[in-house]
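S.K.: fold the following.
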Amino acid sequence: MQKRVTIYTDGSCSGNPGPGGWAAILMFGEHERVITGYEKQTTNNRMELAAVIEALAVMKEPVHARVHTDSAYIANAFNQNWIEDWLRRGWKTSNKKPVKNRDLWERLIELTKTHTVEFVKVKGHTDDDINNRVDGLAVMALEDGRRG
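M.R.: Have a look, this model is predicted:
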């Protein structure tokens, strides 16, 4: 039986495009791990995706991950089958335009083949303490990266 891991992720960007930060909080039982990162020139959506990718990539074995994200972009891509539609159309959106961030989507799809992943859409900047915390960590990663 796979371990069940709860993950909260968030991305932050100043300018969009501009410098960006991402963060993830991984929780398993009483254990918690925080990971963060920074990119000099990126977009908010790329940072949201990076947070999920990096969180799943640090797992040493396949897990059942429940990923909480305030990104409708990510949650809808999985929960509303956008990805299946993109693949069927040869990585094109419903407007026949190329899917943005394809490189990151492909990496994330590969990780969902290793892990059992459930995506939970949460409201950002509300009363979800863990989501607010991961948001602050993503902003801090952005600020630390700009100073760094």
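S.K.: only C-alpha atoms for contact and neighbour calcs from this point on.
M.R.: Will do.
S.K.: so what pLDDT did residue 52 get?
M.R.: Residue 52 is assigned 98 on the pLDDT scale.
S.K.: tell me which element it is part of?
M.R.: Using DSSP states H and E, residue 52 maps to helix 44-57.
S.K.: extract the C-alpha trace of the next helix or strand after that helix and format it as CSV.
M.R.: Next helix or strand after helix 44-57 toward the C-terminus (DSSP H and E): strand 63-69. In CSV, the C-alpha atoms belonging to strand 63-69 read as follows (Å, rounded to 0.1, in the frame of the first residue of the first chain):
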residue,chain,number,x,y,z
VAL,A,63,3.1,7.6,-3.0
HIS,A,64,-0.5,8.5,-3.0
ALA,A,65,-0.3,12.3,-3.1
ARG,A,66,-3.1,14.7,-2.4
VAL,A,67,-1.9,18.0,-3.9
HIS,A,68,-3.6,21.1,-2.7
THR,A,69,-3.2,24.1,-5.1
